[in-house]
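Asker: model this:
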Amino acid sequence: MAGIDHVLTSGTFSLDGGTWDVDNNVWIVGDDTEVIIVDAAHDAEAIAAAVGDRRVKAIVCTHAHDDHVNQAPALADRFSAPILLNPAEAPLWEMTWLDHKPDESIAHGQILTVGGIEIEALLTPGHSPGSTCLYIPELGTVLTGDTLFAGGPGATGRSYSSFDTIIDSISGTLLTLPGDTVVRTGHGDATAIGAEAPHLEEWVARGH
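Answerer: Next up, the predicted model:
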């Protein structure tokens with residue numbers, strides 16, 4: 001039976017000369033035999049413990065800010081698993097990793113399979129150029145990275161980000177999902193598409 005495990009990790013996020021303490025949500029999707037790791041953040045040992053003896057098919061990065069990828073190479077080596085990342089994230093990835101490149105690209109509409117379920121990659125740029133959400137219809141869930149949170153869109157005040165683009169991504173891609181779809185985010189609490197959709201106009205007003 002496929003499901004989603006959650007690991008909360010803590011560390012720092014650095015960009016544009018600043019560093020902040022952050023807690024990150026790491027998601028492990030799959031069944032009793034195989035999984036994917038989504039956003040390998042901060043604590044490789046805790047993530048590996050949650051994986052247990054299951055086979056890791058891939059380490060999928062929703063985007064390449066350092067707090068979401070800082071353990072990706074270590075876990076890739078440990079589990080002999082490929083790292084998947086949208087190619088538009090290359091400038092951010094290279095801020096953290098120059099000697100270890102992602103193994104495979106991930107594109108809009110691409111289907112990943114693990115534990116007998118399908119996961120659809122949805123390109124949602126804005127927070128970063130290649131931000132990618134992972135929609136899992138069978139589990140009624142979308143993993144949104146830092147694109148959509150409980151209460152609004154992800155931050156867009158830093159390098160390689162765009163407020164107008166993230167609003168387009170949310171309104172044109174995420175808010176078209178069924179309203180009861182659970183939104184599991186990169187930081188903080190979960191929400192639902194139907195809970196966030198009514199607030200789109202106020203986000204736009206607030207952003208401008």
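
Asker: Quick check: which helices or strands does the longest helix that the chain contains pack against?
Answerer: Looking across the chain with DSSP state H, the single longest helix is helix 163-172. Helix 163-172 sits against strand 152-153, helix 200-207, with contacts defined as 3 or more Cβ pairs under 8 Å, 6 or more residues apart in numbering; DSSP states H and E. The way it works is simple: take the backbone N, C-alpha and C, and place the C-beta from them, glycine included.

Asker: if we go to 6 Å?
Answerer: helix 200-207 (3 or more Cβ pairs under 6 Å, 6 or more residues apart in numbering; DSSP states H and E).

Asker: Name the residues of the helix it packs on that come out as buried.
Answerer: Across helix 200-207, burial judged by 16 or more other Cβ atoms under 10 Å covers W203.

Asker: can you check stretch 68-87 too?
Answerer: 68-76, 78-79, 81, 83-86.

Asker: quick revisit: how far away from the center of its chain is the following helix or strand past the longest helix of the chain?
Answerer: Using DSSP states H and E, the helix or strand that follows helix 163-172 in sequence is strand 182-185. Computed by Cα atoms, centre = their mean, to the nearest Å, the chain-centroid distance of strand 182-185 equals 10 Å.

Asker: Need the contact partners of the following helix or strand past strand 182-185.
Answerer: Once the chain leaves strand 182-185, the next helix or strand it forms, by DSSP H and E, is strand 191-192. Outside strand 191-192, the residues that touch it by Cβ atoms under 6 Å, 6 or more residues apart in numbering are A150, V182, V183.

Asker: residues near the second one, how many?
Answerer: By that I understand V182. 16 (other Cβ atoms under 10 Å).

Asker: CA atoms only: put the longest helix of the chain into CSV for me.
Answerer: What follows is helix 163-172, C-alpha atoms only, in CSV (Å, rounded to 0.1, in the frame of the first residue of the first chain):
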residue,chain,number,x,y,z
PHE,A,163,6.1,37.2,-8.2
ASP,A,164,4.1,37.4,-11.5
THR,A,165,5.4,34.0,-12.6
ILE,A,166,4.6,32.2,-9.3
ILE,A,167,1.1,33.6,-9.4
ASP,A,168,0.7,32.4,-13.0
SER,A,169,2.0,28.9,-11.9
ILE,A,170,-0.4,28.7,-8.9
SER,A,171,-3.5,30.0,-10.7
GLY,A,172,-2.9,28.2,-14.0
